[in-house]
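**Q** Starting from these lines, generate the structure:
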Amino acid sequence: MTPPVPLPPVPEVGRTRPVGRGLAGLRVRLRRTRGWLYLAALGPGIIAASAGNDAGGIATYASNGAQFGYSMLWVMVVITVLMILVQAMAARMGAATGKGLNDLIREQFGVRWAVFATLVFLVANTLITITEFVGIGAAAELFGIPRWIAVPPLALLVWWLVVKGSYARAEKLFIALTLGFLSYIVTVFIIHPPWDQVAHGLLVPDLRQLGTVGYFPALVALIGTTITPYMQLYQQAAVVEKGVTMRDYAYERVDVVTGGLFSNAVSIFIMIATAATLFAHGQQVTTAADAAQALTPLAGPLAQQLFGIGLFGASMLAAAVLPIATAFAVSEAIGFERGVSFSFQEAPFFMGLFTALIVLGTAVAMIPNISVVALLLFVQVVNGVLLPVELIFMMLIVNNKAVMGRYTNNRLLNVLAWAGVGTIIAAVVGMFVSFFLPQ
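**A** Predicted coordinates for the structure are as follows:
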């Protein structure tokens, strides 16, 4: 028998060298394939997290930095860990079951609890949707365009992009515009804040602030705007709609972690920038223009325009994500067809609710003399109050082996997640108690 021809030696892996054959070559090809898979998986997590830095988020972070300086930075570190845990659980639930959160609630707890959960989601998401269109109006006014001129056509544009299936391309543009908020990071390094105070604020909880007037509402708003109820709904719904399975979950988890770290890093720098500029001079954030002042060291007289670009992109991104997530959750709870791939004829309730939310947000945004920042902060507080309801449902379902099989939480995840839920509930209780205590 003719002996087999030996394969040529496998060269080292380089940028231009061939991969070669055999096991070594196979490993290289797999590594390269995994790299593309990780890149391909980037989407729902980054979008959900980026949409979290919306009008309400920016107002909350800027107001917090202006009011409390660096003393609540440590809260963002804790919230970031919890946010990543929660978003990863939502992605895992979607990948393991192929169902959205409301679908699972209805199956496991019955129609009454599903209706209750749906009402919670609907109230929270409707309020946030309104703030997105308020944010679009505020961004337009920073460029000297009245909101009653800017908001209706932009709302129509969002509706048209989603209904006509062109939103995926526009989504990339809106995400790119939100990168304008990276200017806060540059600004921080320009103004050189007291880094020892920044480090202390990030690492050491300042419990002396607990008695400060407005501390607990600010804390609840910070939680509510960073871990908003719609983010989990959107994350899980997007995973289901993409057809992600547990075989792909590792890639989806990278998406979640990347999105959480990126968006919350921006949030932390917003707080540092406003603390170093506004808090240091005793200024508060009452308008979008006030929040933009923190960018003056970087952009000078163009600070408002730079801030307006980021605010516009974030608000437009969330103005589509929120109504979609809300319509998906409600349609799912009722058992109607849902998804952006369906037409009006195929999913009339889903598309109708999506349209109604955009119309409502547009109408409220055009109310004259509306107090933008006060409205945004109030909505974030409501989000923080309602958030534990969703998290408790998630924790009960993700630990149900009949639903999740072998993909339930391990002990460490449960300890961290339940501790986070308990902390949020304690903050909400503390806020209500503080309303009745003397200043």
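**Q** Work out for me the element Leu104 sits within.
**A** helix 101-109 (DSSP states H and E).
**Q** List the buried residues in that helix.
**A** Neighbour counts over helix 101-109 (16 or more other C-beta atoms under 10 Å) mark 101-106 as buried. Placement of C-beta: from N, CA and C, glycine included.
**Q** helices or strands next to the next helix or strand after it in the packing?
**A** Moving toward the C-terminus from helix 101-109, the first helix or strand encountered (DSSP H and E) is helix 111-142. In this structure, helix 111-142 makes packing contacts with helix 55-68, helix 101-109, helix 147-163, helix 229-242, helix 288-292, helix 303-334, helix 348-365, helix 372-398, judged by 3 or more C-beta pairs under 8 Å, 6 or more residues apart in numbering; DSSP states H and E.
**Q** Leu161: neighbour count?
**A** Neighbour count for Leu161, taken as other C-beta atoms under 10 Å: 18.
**Q** got it, and the one 3 residues further on?
**A** Lys164 is flanked by 8 other residues according to other C-beta under 10 Å.
**Q** distance of it from Ala138?
**A** 27 Å (C-beta to C-beta, to the nearest Å).
**Q** Quick one: residues contacting Val384.
**A** If you look again at residue 384, you'll see it is Gly, not Val. Neighbour list for Gly384: 220-225, 424, 427-428 [criterion: C-beta atoms under 8 Å, 6 or more residues apart in numbering].
**Q** Now it: closest residue in space that isn't a chain neighbour?
**A** Excluding its sequence neighbours, the residue lying closest to Gly384 (C-beta to C-beta, 6 or more residues apart in numbering) is Gly224, at 3.0 Å.
**Q** follow-up on the earlier one: quick check: the farthest pair among the contacts of Gly384?
**A** Using C-beta to C-beta, the pair of the contacts of Gly384 lying farthest apart is Thr225 and Val428, separated by 14.3 Å.
**Q** the more surrounded of the two?
**A** Ranked by neighbour count (other C-beta under 10 Å), Thr225 and Val428 place Thr225 first, with 30 against 21.
**Q** ok, back up a step: kindly compare burial across the helices and strands packed on helix 111-142 and name the winner.
**A** Of all the helices and strands packed on helix 111-142, helix 55-68 carries the top mean neighbour count, a mean of 28, counting by mean count of other C-beta atoms under 10 Å.
**Q** low-scoring pLDDT stretches of this protein, where are they?
**A** 1-52, 166-168, 171, 438-439 (pLDDT under 70).
**Q** State the distance from the closest residue to Gly98 other than its chain neighbours to Leu85.
**A** Take Gly98 and drop its neighbours on the chain: the residue closest to it by C-beta to C-beta, 6+ apart is Val240, 5.9 Å away. Remark: distance between Val240 and Leu85 (C-beta to C-beta) = 20 Å.
**Q** for the helix holding Leu104, packing partners?
**A** Using 3+ C-beta pairs under 8 Å, 6+ apart: helix 101-109 touches helix 73-97, helix 111-142, helix 229-242, helix 303-334, helix 372-398, helix 401-404.
**Q** and those helices as JSON lines, adding distance to Ala294?
**A** Shown next, in JSON lines, are the helices and strands packed on helix 101-109 (distance: least, C-beta to C-beta, whole Å):
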{"stretch": "helix 73-97", "distance to Ala294": "15"}
{"stretch": "helix 111-142", "distance to Ala294": "14"}
{"stretch": "helix 229-242", "distance to Ala294": "25"}
{"stretch": "helix 303-334", "distance to Ala294": "8"}
{"stretch": "helix 372-398", "distance to Ala294": "14"}
{"stretch": "helix 401-404", "distance to Ala294": "44"}
